[in-house]
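S.K.: Have a look; sequence and predicted model below, questions after that.
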Amino acid sequence: MPVETLVDKAEFLPEALALRFEEEGRHALAARGRFTLALPGGSVATSFFPRLARVPFDWSRTDFFWGDERAVPPDHPDSNYAAARSLWLTPAGVPEASVHRMKAEEPDLGEAAADYARELAGVAGSPPRLDLVLLGVGPDGHVCSLFAGHPVLGLRDRAVAVVEDSPKPPPRRLTLTLPVVTGAALVIVVALGRGKAEIIRAALEDSGSALPVALVARQARRATFLLDVEAASLLRGR
């Protein structure tokens with residue numbers, strides 16, 4: 001399907017995401033009685049999670065997973081879970097049973113990945129079919145902890161993978177694999193700022209790009225790119 005692109009001033013994008021989130025969530029609840037999603041960290045968390053925490057929604061029927069996590073304790077400043085907990089889960093009163101944390105602080109990351117894959121399968125099936133995957137994108141085009149040219153990007157035989165040598169610190173991480181991301185009912189990619197403009201142009205206009213975000217754009221069942229004016233500045237017609 002064609003990629004949907006929404007462009008607006010940065011200050012209006014959290015509201016646009018909240019409306020889309022509520023729409024997708026209500027559709028999932030009507031269809032299956034549950035809404036399953038995977039969260040990012042980084043600037044998407046700080047810029048968007050406070051607004052999403054105010055969405056009037058039945059959090060007891062929502063399952064929160066993560067796209068990736070760094071090998072740090074859950075209260076560490078670099079933890080994606082910690083950001084979500086402080087900016088969304090606690091303010092919204094999300095029940096603990098709805099939260100499926102990636103335990104990337106475990107010493108055996110292989111075992112932690114297998115445990116998380118089993119937990120994901122128990123909620124979203126095998127292979128997993130999430131309702132929504134929310135992604136940020138790095139200035140190098142990575143999504144989750146899927147980096148261009150890294151062997152983990154090509155994995156097709158598992159849902160959760162170990163990254164021992166991330167080119168971006170910290171090096172040890174857990175990540176959903178590309179088939180889980182692109183298999184979601186909807187993938188929303190958020191990109192802000194002029195520093196993301198070339199990456200976004202490649203993702204949406206270069207059919208041969210091997211950047212992870214470009215693979216998501218081409219392979220997702222449905223994809224929406226939520227961009228501020230600067231991130232969209234190199235797209236044709238802008």
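M.R.: Now that the structure is in, tell me what you want to look at.
S.K.: which helix is the longest one in the chain?
M.R.: Secondary structure of the chain per DSSP state H: the longest helix is helix 13-32.
S.K.: Please enumerate the strands of the protein.
M.R.: Using DSSP state E, the strands of the chain run over 4-8, 35-39, 62-66, 68-70, 132-136, 160-163, 173-176, 186-191, 223-228.
S.K.: got the ones you listed as CSV, with mean pLDDT and distance to residue 206 columns?
M.R.: Bear in mind the C-beta positions are built from the backbone N, C-alpha and C, glycine included. What follows is the strands of the chain, written out as CSV (pLDDT from 0 to 100; distance: least, CB to CB, whole Å):
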stretch, mean pLDDT, distance to residue 206
strand 4-8, 97, 15
strand 35-39, 98, 26
strand 62-66, 98, 29
strand 68-70, 98, 24
strand 132-136, 98, 18
strand 160-163, 98, 25
strand 173-176, 98, 24
strand 186-191, 98, 15
strand 223-228, 98, 14
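S.K.: Highest mean neighbour count out of these?
M.R.: Of the strands of the chain, the one with the most neighbours on average (mean count of other CB atoms under 10 Å) is strand 173-176, at a mean of 28.
S.K.: and it, which strands flank it?
M.R.: Strand 173-176 pairs in its sheet with strand 68-70 (antiparallel), strand 160-163 (antiparallel), by DSSP bridges.
S.K.: just to revisit the earlier point, select, out of the strands of the chain, the one closest to residue 123.
M.R.: Minimum separation from residue 123 across the strands of the chain (CB to CB) falls at strand 62-66, 5.1 Å.
S.K.: how many neighbours does residue 24 have?
M.R.: For residue 24, the neighbour count with other CB atoms under 10 Å is 19.
S.K.: no no, residue 139
M.R.: Using other CB under 10 Å, residue 139 has 12 other residues around it.
S.K.: Residue 236 now?
M.R.: When neighbours are counted by other CB under 10 Å, residue 236 registers 7.
S.K.: Who are the contact partners of it?
M.R.: Residue 236 makes contact with residue 205, according to CB atoms under 8 Å, 6 or more residues apart in numbering.
S.K.: Retrieve the pLDDT associated with it.
M.R.: The score at residue 236 is 92. That number is its pLDDT.
S.K.: Check the spacing between it and residue 137 real quick.
M.R.: Residue 236 sits 19 Å away from residue 137, going by CB to CB, to the nearest Å.
S.K.: Quick one: the helices in this protein, in order.
M.R.: Along the chain, counting by DSSP H, helices occupy 13-32, 42-52, 80-84, 90-92, 109-124, 178-182, 197-205, 212-219.
S.K.: and residue 188, which of those helices is closest to it?
M.R.: Closest to residue 188 of the helices of the chain is helix 13-32 (CB to CB; 6.7 Å).
S.K.: which helices and strands does the closest one pack with?
M.R.: strand 4-8, strand 35-39, helix 42-52, strand 132-136, strand 186-191, strand 223-228 (3 or more CB pairs under 8 Å, 6 or more residues apart in numbering; DSSP states H and E).
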